[in-house]
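Sequence and predicted structure, then a few things I'm wondering about:
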Amino acid sequence: MEADRLRAEGVDVVDFGAGEPDFATPDNVKQAAIRAIEQNFTKYTPAAGTTELKKAICERHAHDFGTSYQPAECIVTVGGKHAVFGFTQALINPGDEVVVPAPYWVTYRDVVSYAGGKCVFVDTGESNGFRLTASMLEPHFTARTRMLIVNSPSNPSGAVIDRGEFEKIFRLTSERGVYLLTDECYCKFLYDSEPFSAASLAGAKETVLVAGSLSKTYAMTGWRIGFALGPESIISALVKLQSHSTSNATSIAQKAAVEALCGPQDSVAAMLAEYRRRRDFVIQRLRAMPGVTCAEPRGAFYAFPNMEGALGKNGIQDTLQFAERLLTEARVAVVPGEAFGTDRHIRISYAASMRDLERGLDRIHQFIAARS
Ligand SMILES: Cc1ncc(COP(=O)(O)O)c(C=O)c1O
């Protein structure tokens, strides 16, 4: 990546591109991994993960969301992305349609196409803060629809699906026998609502599929631990796929994950408080830039400003060009909207220090102001 190359050359790049917490993994979690190594917990585990960790995942999900999964309905995956991959490869056949609200996390598009399926994108509309509703989705369901993938809070927009709307969306899918894959990667990072899982709705067990991750919640991106929850028969298919591809997630990381899920949870609240402070700062700074508007993110740690008013000048037609020029001329890395299905927005990750946020936003402001 160009930003890495510049940094390797000693250029001072402010990076708002990376979608990962800037916090360290909590100490208790690191200590659990060290103990695992010292106790030689360094061999294969069952492909689906240790029973200890599967129980810990089910118990945490039950505690946080009121669900009732059993270990046989759970698989430990190599990160949350791997859970999304497993579900899509196990369930989507060539010709199947998968409804995906836009803007979307690019992985959905690619894993659906890898399975031979076709994504049907549904624009969630910026004027409403990208909030997904059941009525937006309904016209896009056909006899070929196999799955709906939702992500709340959303990467890249930070939009959150309200509980009542989730209920309607679940009804829409279950009545048609369509799977509702809910990617709960950012489920703990909510600014004005309580964590909610569609899997807690009555009757959800048959068609709701949960892709979960410890990566963001516990600042464990490099440990590669995620999970999938769903009907036992589908989870068994994911286990087969995994047993012949990656086998188990790393044994040491699994021990660390047990500690993350069962140990003190205060680091999550501390991170959320810090993200909220940064969100407020970032939104206020973005909205003060000429030609920039920004919907308020209600969760996750991304801002997704509309740059339309800053485009069409100095040969910058879309956000791909905007991001390239911003990097080379102002030394700030952002992700262009093209990666999420729009050419009018950029994604700014505020999982960055306040110092970097100040410096980077100053640079973006000057870059835009100099061209307006
Ligand atoms: C929406 C979404 N889902 C899932 C993931 C998967 O994270 P991981 O594979 O690191 O657990 C990410 C990571 O960026 C994400 O943004």
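In hand now; what should we look at?

Let me see the contact set for Lys118.
By Cβ atoms under 8 Å, 6 or more residues apart in numbering, the residues touching Lys118 are Gly95, Asp96, Glu97, Val98, Val112. Heads up, the C-betas are built off the backbone N, CA and C, glycines and all.

Could you turn the buried ones of these into a ChimeraX selection?
Selection of buried members from those for ChimeraX, criterion 16 or more other Cβ atoms under 10 Å:
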select :96,97,98,112
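
quick check, nearest of the contacts of Lys118 to Lys43?
Nearest to Lys43 among the contacts of Lys118, counting by Cβ to Cβ, is Val112 at 35.2 Å.

per-residue pLDDT, that closest one?
Val112 carries a pLDDT score of 98 in this model.

that's a helix at it, yeah?
Yes. Counting by DSSP: H, G, I helix; E, B strand; the rest coil, Val112 is part of a helix.

Show the contacting residues for the residue of the chain found nearest the ligand.
Among the residues of the chain, Gly79 lies closest to the ligand, at 2.8 Å counting by Cβ to the nearest ligand atom. For Gly79, the contact set (Cβ under 8 Å, 6+ apart) comprises Ser213, Ser215, Arg224, Ile225, Gly226.

Strands - which of the contacts of Lys118 land there?
In strands, judged by DSSP state E, the following of those are found: Glu97, Val98.

Take the contacts of Lys118 and write them to a markdown table, including distance to Thr250.
Formatted as a markdown table, those follow (distance: Cβ to Cβ, whole Å):
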| residue | distance to Thr250 |
| --- | --- |
| Gly95 | 36 |
| Asp96 | 32 |
| Glu97 | 35 |
| Val98 | 30 |
| Val112 | 27 |
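
The residue nearest to Gly203 when sequence neighbours are not counted in helix, strand or coil?
In space, and not counting its chain neighbours, Gly203 is closest to Ser174: 6.4 Å by Cβ to Cβ, 6 or more residues apart in numbering. Under three-state DSSP, the three-state class of Ser174 is helix.

Would you mind confirming that Ser174 makes contact with Lys168?
No. Ser174 lies out of contact with Lys168 (Cβ atoms under 8 Å); the separation is 11.0 Å.

By pLDDT, rank the contacts of Lys118 and give me the bottom one.
Lowest pLDDT among these: Gly95, 95.

ok, which pair from the contacts of Gly79 is furthest apart?
Ser213 and Arg224 (9.6 Å).

The two: who's more crowded?
Ser213 (25 against 20; other Cβ atoms under 10 Å).

which residue packs closest to the more buried one, ignoring adjacent ones?
Gly80 (2.8 Å).

mind listing what that neighbour touches?
Residues in contact with Gly80 (Cβ under 8 Å, 6+ apart) are Asp183, Cys185, Ala211, Gly212, Ser213, Ser215, Gly226, Phe227.

so of the contacts of Gly79, which ones are in helices?
Among the contacts of Gly79, no member is found in helices (DSSP state H).

now those as CSV including pLDDT and distance to the ligand?
Shown next, in CSV, are these (pLDDT from 0 to 100; distance: Cβ to the nearest ligand atom, whole Å):
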residue, pLDDT, distance to the ligand
Ser213, 98, 3
Ser215, 98, 3
Arg224, 98, 7
Ile225, 98, 7
Gly226, 98, 4
